[in-house]
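J.: got a sequence here, can you model it:
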Amino acid sequence: MATARLENAFAEHTPPREFYTADGGGRRHRVFFAQVAGPSADAEIRFSSFDALLAEPSALAPSLAAVLGGLEPHLIDVPYLHLGENEFIYKFRPEKERNPAIYARDPEASALYQSKLCAAIKTLARRHERTATPAVALDFGPVSYVVPSHFGFCLGVKNAIERAYETLAENPERRVFMLSELIHNPFVNEDLLRRGLRYLQTDKGTPYTTSGRKATDAPGEPLLWDSLTPHDIVIIPAFGATDEDKKRLVRKGIAVCHYDATCMLVEKVWKAARAFGREGFTVIIHGKHEHEETKATFSNTRRYAPAVIIRNLEEAHLLGEIIAHGGEEGQRRFETTFAGRFTPGFSVERDLARIAVVNQTTLLMNETIGIIEHLREVYRQRFGDASLVGGSSRGDTLCYATQVNQDALSLALQEPLDAAFVIGGRNSSNTYQLYRLCAAQLGAKAYFIQSEASILSREEVEHYVFPAKGEHVGGHLERRALWPDDHQPKRILVTGGASCPDGIIQQVITRINGLFPAAALRSIDDVLADLSQVDVNA
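T.: Numbers count the residues shown, from 1 in each chain. Next up is the predicted model:
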């Protein structure tokens, strides 16, 4: 009868799926979920958010109160009933379906996102999206540039940015929020704020108040979270979101899935963790525990398996020592070393019997591979069976865009260089990994900058010092020497992280050009003409 009424009321709906049972009103109720589209043809059916229903529990029929009481563990399933297990929330759009014009309709945004130089480099050098090729040279006369074949925006970031700008354009009468920063680039986020977007919380999860201040700075002020209504829109960024945050949105009646811009490659890690959990593995997550993506991966993984987050190879060695020795002392050491980074009730003896490794997608592939190989050796020595450690030695749950950016940079670093500028947000993990590659080869001649404004003069660059290993606070700016009293021709590498717009890369090149005599510089048109003559098959 219930199915028939559903079908009569809604022309479009998912098949009803049973989720749980609940006792109430003297009866046991079987609870099914179905997702519907369009208005109801049944006048007796009305919609309400879960929060609104639960606000007055005494007004509910006993049977409905009982059903709602058992709902909490299943709220995460509500927005995604129309998707199969192997489907992705937000698929990459093919190039012909891309909509870059949506975020470049005014001069300010155009300067941020568009670059003739970057477009020409990509046309010349990117013969395959996933394969790095030799760097491209830009000869401006007294200064020349080496630009890797792959740099800047990845497809996940492009997807998320287009979703944000399209949502703002399509919903001028509705409030549009984003769970946290869209991407780790302050210029993109500021442009969205200028257009009316608001953030519910910081990238570290601190909520904002209705006045726009952090809750920690304005105790007692009402939170934006608490002001949400079913009419509002909340976009989930490319990093994904924790189950806890998604459930909170579902309770408020927010249409979660339609505005979920989680990157497919992040979701690929979630699917790998789920598969490992079902096979009986505990999941080791290689990532930064304070990063939104790692928090989302941990939250998603704990549904299927015990899990623990390790930051780097050093912590993998610590975990290996705990595995090798076990016992009560191993349990105590584990709980101290990894406090706040493991699932409740974690047992060293039970849960570290079989492990599998997945990762935050923006880290260095060689580090993840090193972690897997080290743990396999630990299990080989203790148990005589390295197969107790799952995970790919190819690092195939890394973001291929992150990896190809790193590969292309490694090729570019083979060139003779006077400096390297890596451009990206201060909280951008993948940008920091690019900087690490440059610093390993060039030392103090490698600079981590946010934009052309970081290049102060021929004498100084405002370089960002990433937080110390194992920390998530403490990053700071320092002024580093550039070329004081040195006016020789320079050869400079320039690249950008996966959240760095092309326009900023060109602005950095323009700024550096401005440090050289204008009369000696070749024009951009002349440099572009050079690129058009390059034989890509040579």
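J.: tell me the domain ranges of this structure?
T.: Domain ranges of the chain: 2-70, 110-154+404-532, 155-259, 264-390, per automatic domain parsing.
J.: please convert those to JSON lines, extending it with distance to residue 86 and mean neighbour count.
T.: Every residue, glycine included, has its C-beta placed from N, CA and C. Formatted as JSON lines, the domains of the chain follow (distance: least, CB to CB, whole Å; neighbours: other CB atoms under 10 Å):
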{"stretch": "domain 2-70", "distance to residue 86": "16", "mean neighbour count": "13"}
{"stretch": "domain 110-154+404-532", "distance to residue 86": "21", "mean neighbour count": "18"}
{"stretch": "domain 155-259", "distance to residue 86": "16", "mean neighbour count": "19"}
{"stretch": "domain 264-390", "distance to residue 86": "7", "mean neighbour count": "19"}
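J.: residue 80 is nearest to which of these?
T.: Closest to residue 80 of the domains of the chain, according to CB to CB: domain 155-259, at 5.6 Å.
J.: sorry, back to before: which one, of the domains of the chain, ends up nearest to residue 94?
T.: domain 155-259 (9.8 Å).
J.: start to end distance for the closest one?
T.: Distance across domain 155-259, first residue to last, is 17 Å (CA to CA, to the nearest Å).
J.: show me what contacts the nearest residue to residue 149 once chain neighbours are set aside?
T.: Spatial nearest neighbour of residue 149, chain neighbours left out: residue 125 (3.7 Å); criterion: CB to CB, 6 or more residues apart in numbering. Residue 125 makes contact with 133-136, 149-150, 536, according to CB atoms under 8 Å, 6 or more residues apart in numbering.
J.: coming back round to it: switch the domains of the chain over to CSV; also include distance to residue 82.
T.: Shown next, in CSV, are the domains of the chain (distance: least, CB to CB, whole Å):
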stretch, distance to residue 82
domain 2-70, 5
domain 110-154+404-532, 26
domain 155-259, 8
domain 264-390, 15
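J.: and residue 93, which of these is closest to it?
T.: Closest among the domains of the chain, using CB to CB: domain 155-259, at 6.4 Å.
J.: residue boundaries of the strands in the stretch 151-300 of the chain?
T.: 176-178, 198-199, 233-235, 282-286 (DSSP state E, counting those that start in this stretch).
J.: mind putting those strands into CSV with distance to residue 260 and mean pLDDT?
T.: As requested, the strands of the stretch 151-300 of the chain are exported to CSV (distance: least, CB to CB, whole Å; pLDDT from 0 to 100):
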stretch, distance to residue 260, mean pLDDT
strand 176-178, 11, 96
strand 198-199, 16, 95
strand 233-235, 8, 96
strand 282-286, 21, 96
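J.: make CSV from the ones you listed and add distance to residue 256 to it.
T.: Below are these laid out as CSV (distance: least, CB to CB, whole Å):
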stretch, distance to residue 256
strand 176-178, 12
strand 198-199, 17
strand 233-235, 7
strand 282-286, 23
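J.: just how off-centre is stretch 322-331 within its chain?
T.: 34 Å (CA atoms, centre = their mean, to the nearest Å).
J.: what's the span of that stretch, first residue to last?
T.: Stretch 322-331 has an end-to-end distance of 8 Å (criterion: CA to CA).
J.: again, but for stretch 141-161
T.: 36 Å.
J.: same question, stretch 228-239
T.: Note: stretch 228-239 ends 22 Å apart using CA to CA.
J.: going forward, begin numbering at 611 instead of 1
T.: Will do, 611 is the new start, and the previous item becomes stretch 838-849.
J.: who touches that stretch?
T.: Here stretch 838-849 has contacts from 657, 659, 766-767, 769-770, 773-774, 777, 781, 784-793, 810, 856, 859, 862-866, 869-873, 876, 901-903, 906, using CB under 8 Å, 6+ apart.
J.: residue 784 and residue 1104, how far apart?
T.: 40 Å (CB to CB, to the nearest Å).
J.: ok so, going back, which one, of the domains of the chain, ends up nearest to residue 697?
T.: Of all the domains of the chain, it is domain 874-1000 that lies closest to residue 697, at 9.6 Å by CB to CB.
J.: endpoints of the closest one, how far apart?
T.: Note: domain 874-1000 ends 22 Å apart using CA to CA.
J.: hmm, back to that, farthest-apart pair in the contacts of residue 735, please.
T.: Top of the distance list for these (CB to CB): 760 and 1146, 14.8 Å.
J.: which residues of the stretch 1011-1148 of the chain fall in strands?
T.: Counting by DSSP E, counting those that start in this stretch, the strands of the stretch 1011-1148 of the chain are 1029-1033, 1056-1059, 1070-1075, 1086-1091, 1100-1106.
J.: partner strands of the last one and their direction?
T.: What that stands for is strand 1100-1106. strand 753-757 (parallel), strand 1029-1033 (parallel) (DSSP bridges).
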